[in-house]
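A.B. asks: Got a predicted model here, sequence first, then my questions.
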Amino acid sequence: MGKCVCMIAEFRGGNFRRVSFEVASEGKRIADALGIGLRGVAVGSGVAGKAAELGQYGVERVLVRDDPALEHYLAEIYVPVVAEMIKKCDPAVVILPASVDGRDLGARLGARLDITLVQDVTQVVCEGGKVKARWPIFGGKCFAWSEWADGTLPIMSCRPNVMDCLPPDTSKRAEVELADIPIPESRSRVKAVDMDSSGKVELSEADIIVSGGRGMKEASNFALVEELAKAMGAAVGASRAAVDAGWRPHSDQVGQTGKVVTPALYVAVGISGAIQHLAGMGYSRYIVAINKDPEAPIFSRADYGIVEDLFKFVPAFTEEVKRLKS
Ligand code: FAD
């Protein structure tokens, strides 16, 4: 068995994404159960000064590769660098975020290092020194448990917003080691020129999401969803019908072919609750559905159902939220 659990941190704009702390916390739980240490891998631009923060969540030592070329995730650069860093850690388990970038990175690392990846893990248990991971299959209709054959290295990506963060111990700092790993020259035809800098809460990390569907009727009516989201401190999502109609960007789409989200509260406005939509939000902690059709399938998953015309209900609800918050 390797010497440690190795967690891979993720950054956006030089700052940790929250899911990094969830992954570190889960890594710490696994490391304690296996009686080994927890190490981190941090790759990005302007991240060396931040890396020690992972110590608050139990990471003892972080291997850092900090270079302007690593500002945005680009597979052909990240994969060889991260693979080398993992080898240096000599891990027994590798764990990373199941974010958009993390899923891509994990799959490529699995192929490059010839190790088996389990994606989108929602629970990890350690029994008799072995790791087992639970992950959703068939669009979230059921779960599978996977374990790794003896002699293989478990690598898993963890679904954001599912693993509990440990309470941060601000007195602790991780030891930082700068890794001198060469960065391959990019031959890619793809170049990241800009990231969404609107300051929007990333959907897969949001605690509250308000999503609109075809029931919104037209793009301009999404102002109602946006205003409710603003009042609640929520991110805005959408069904595929709303995205296909051109009312929202694809980055807002929740569901089987969009983002999988697990917020504490999901408010579905004018969304019927098709199986492909439920696959993306069905494991939210609380679901509130606003729909004028009492037979809409979304109500079978909703904790609170409001059978009402959204154009009457949402403005009144928004005003009430604002009043309660003022
Ligand atoms: P509809 O099903 O048309 O529902 C609109 C709802 O609004 C209705 O229930 C209606 O009662 C209600 N409504 C209308 N007017 C009002 C009003 N005034 N007040 C209150 N309620 C009102 N879908 C996704 O969302 N995400 C995916 O990732 C996704 N992936 C897919 C992948 C595949 C391979 C396929 C085949 C489909 C996928 N879909 C996905 C599409 C999915 O099957 C549905 O078509 C889609 O989710 C429907 O979106 P909707 O609920 O907004 O629209």
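C.D. replies: Yep, it's here.
A.B. asks: and residue 41, that one's in a strand?
C.D. replies: Yes. Counting by DSSP: H, G, I helix; E, B strand; the rest coil, residue 41 is located in a strand.
A.B. asks: what about it, distance to residue 185?
C.D. replies: According to C-beta to C-beta, to the nearest Å, residue 41 stands 22 Å off from residue 185. Where you see a C-beta, it was placed from the backbone N, CA and C, and this is true even at glycine.
A.B. asks: the more surrounded of those two?
C.D. replies: Neighbour comparison, residue 41 and residue 185: the larger count goes to residue 41, with 26 against 9 (by other C-beta atoms under 10 Å).
A.B. asks: hang on, isn't the more buried one packed against residue 9?
C.D. replies: Yes. The criterion here is C-beta atoms under 8 Å, and residue 41 meets it with residue 9 at 6.8 Å.
A.B. asks: so residue 64 bridges to which residues?
C.D. replies: For residue 64, the beta-bridge partners under DSSP bridges are residue 42, residue 178.
A.B. asks: what about it, distance to the ligand?
C.D. replies: The gap separating residue 64 from the ligand is 36 Å, by C-beta to the nearest ligand atom, to the nearest Å.
A.B. asks: Hmm, that residue is touching residue 51, no?
C.D. replies: Yes. At 4.8 Å, residue 64 counts as touching residue 51 under the criterion of C-beta under 8 Å.
A.B. asks: joint contacts of those two?
C.D. replies: 42, 176 (C-beta atoms under 8 Å, 6 or more residues apart in numbering).
A.B. asks: Can you pick out the residue with more neighbours from the two?
C.D. replies: Taking other C-beta under 10 Å, residue 64 and residue 51 do not tie; residue 51 has more neighbours (27 against 22).
A.B. asks: Would you double-check that residue 5 falls in a helix?
C.D. replies: No. Applying three-state DSSP, one finds residue 5 to be strand, outside a helix.
A.B. asks: Looking at strand pairing, list the partners for it.
C.D. replies: For residue 5, the beta-bridge partners under DSSP bridges are residue 38, residue 93.
A.B. asks: residue contacts, it?
C.D. replies: Counted by C-beta under 8 Å, 6+ apart, residue 5 has contacts 27-28, 30-31, 34, 36-39, 91-95.
A.B. asks: which stretches of the stretch 201-326 of the chain form strands?
C.D. replies: Ranges of strands in the stretch 201-326 of the chain, per DSSP state E, counting those that start in this stretch, are 208-212, 235-238, 265-269, 286-291, 304-307.
A.B. asks: Let's have those in a markdown table, adding distance to residue 104.
C.D. replies: Output for these, formatted as a markdown table (distance: least, C-beta to C-beta, whole Å):
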| stretch | distance to residue 104 |
| --- | --- |
| strand 208-212 | 23 |
| strand 235-238 | 21 |
| strand 265-269 | 25 |
| strand 286-291 | 29 |
| strand 304-307 | 36 |
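A.B. asks: out of those strands, which comes closest to the ligand?
C.D. replies: strand 286-291 (4.3 Å; C-beta to the nearest ligand atom).
A.B. asks: Within its sheet, name the partner strands of that closest one and how each one runs.
C.D. replies: Partner strands and pairing direction for strand 286-291 (DSSP bridges) are strand 265-269 (parallel), strand 304-307 (parallel).
A.B. asks: if you compare the ones you listed, which one is most tucked away?
C.D. replies: Sort those by mean neighbour count, taking mean count of other C-beta atoms under 10 Å, and strand 265-269 sits at the top with a mean of 27.
A.B. asks: how about it as PDB, C-alpha atoms only?
C.D. replies: Extracted as PDB, the C-alpha positions of strand 265-269 are listed here (Å, rounded to 0.1, in the frame of the first residue of the first chain):
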ATOM      1  CA  LEU A 265     -32.600  23.900  -1.500                       C
ATOM      2  CA  TYR A 266     -33.700  23.500  -5.100                       C
ATOM      3  CA  VAL A 267     -36.600  25.600  -6.300                       C
ATOM      4  CA  ALA A 268     -38.100  24.400  -9.700                       C
ATOM      5  CA  VAL A 269     -40.300  27.000 -11.400                       C
END
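A.B. asks: touching the ligand at all, it?
C.D. replies: No. Contact of strand 265-269 with the ligand (C-beta under 6 Å from any ligand atom) is absent, the minimum separation being 7.3 Å.
A.B. asks: who touches that strand?
C.D. replies: Residues from elsewhere that reach strand 265-269, judged by C-beta under 8 Å, 6+ apart: 207-213, 215-216, 224-225, 228, 232, 234, 277, 281, 284-291, 298, 302, 310, 314.
A.B. asks: where's residue 151 relative to residue 27, distance?
C.D. replies: Taking C-beta to C-beta, one finds residue 151 at 21 Å from residue 27.
A.B. asks: With neighbour numbers in mind, choose between these two.
C.D. replies: Neighbours per residue (other C-beta under 10 Å) separate residue 151 from residue 27, with residue 27 holding more: 30 against 6.
A.B. asks: Can you give me the distance of the more buried one to the ligand?
C.D. replies: Distance from residue 27 to the ligand, by C-beta to the nearest ligand atom: 30 Å.
A.B. asks: what about the helix or strand that contains that residue, distance to the chain center?
C.D. replies: Using DSSP states H and E, the element containing residue 27 is helix 18-34. Taking C-alpha atoms, centre = their mean, to the nearest Å, the mean C-alpha location of helix 18-34 is offset from the chain mean by 15 Å.
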